[in-house]
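Participant: output the structure for:
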Amino acid sequence: MASLAWLLIPLFAAIGAAIWGSWAARDRTSGDISELAGYARFREAMGHGEPGRAKADADADRKKDTVDSA
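Facilitator: Just a heads-up that it's a prediction; the model follows:
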């Protein structure tokens, strides 16, 4: 009976490995569409902040040039 218990351990390990392998290899493409749409919204939102930032950088450069030339 003890030898049967020792044979069940690798059997349970093989079953667990098969379950984990099938879970790890599942098709995950269905969630990509919503994540890509969210990323596109993020990029669009970050793009709206650029003109103000560029203006601030230009103002800073203008002030720096004025100080350097004086």
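
Participant: contacts and neighbour counts: CA atoms only from here.
Facilitator: Noted.

Participant: where along the protein do the helices fall?
Facilitator: 2-24, 32-48, 50-69 (DSSP state H).

Participant: check the ones you listed for me: which has the lowest mean pLDDT.
Facilitator: With a mean of 59, helix 50-69 has the lowest mean pLDDT of the helices of the chain.

Participant: how close does Ala17 sit to Leu4?
Facilitator: 20 Å (CA to CA, to the nearest Å).

Participant: the two: which is more packed in?
Facilitator: Neighbour totals were compared for Ala17 and Leu4, and Ala17 leads with 12 against 8 (other CA atoms under 10 Å).

Participant: how far away is that one from Arg26?
Facilitator: Computed with CA to CA, the distance linking Ala17 and Arg26 is 14 Å.

Participant: okay, now Ala45: neighbour count?
Facilitator: 11.

Participant: nope, Trp20 is what I was after
Facilitator: Counted with other CA under 10 Å, residues neighbouring Trp20 total 11.

Participant: same check, this time on Tyr39
Facilitator: Other residues lying near Tyr39 total 12 when counted by other CA under 10 Å.

Participant: ditto for Asp32
Facilitator: Neighbours around Asp32, by other CA under 10 Å: 10.

Participant: and if you look at Ile33?
Facilitator: When neighbours are counted by other CA under 10 Å, Ile33 comes out with 10.

Participant: need the contact list for it.
Facilitator: Applying CA atoms under 8 Å, 6 or more residues apart in numbering to Ile33 gives no contacts.

Participant: so how far is Leu36 from Arg43?
Facilitator: Arg43 is 10 Å from Leu36, by CA to CA.

Participant: same thing with Trp20?
Facilitator: 27 Å.

Participant: do the same with Ala24
Facilitator: Distance, Ala24 to Leu36, by CA to CA: 22 Å.

Participant: and Ser22, by the same measure?
Facilitator: Taken as CA to CA, the span from Ser22 to Leu36 is 25 Å.
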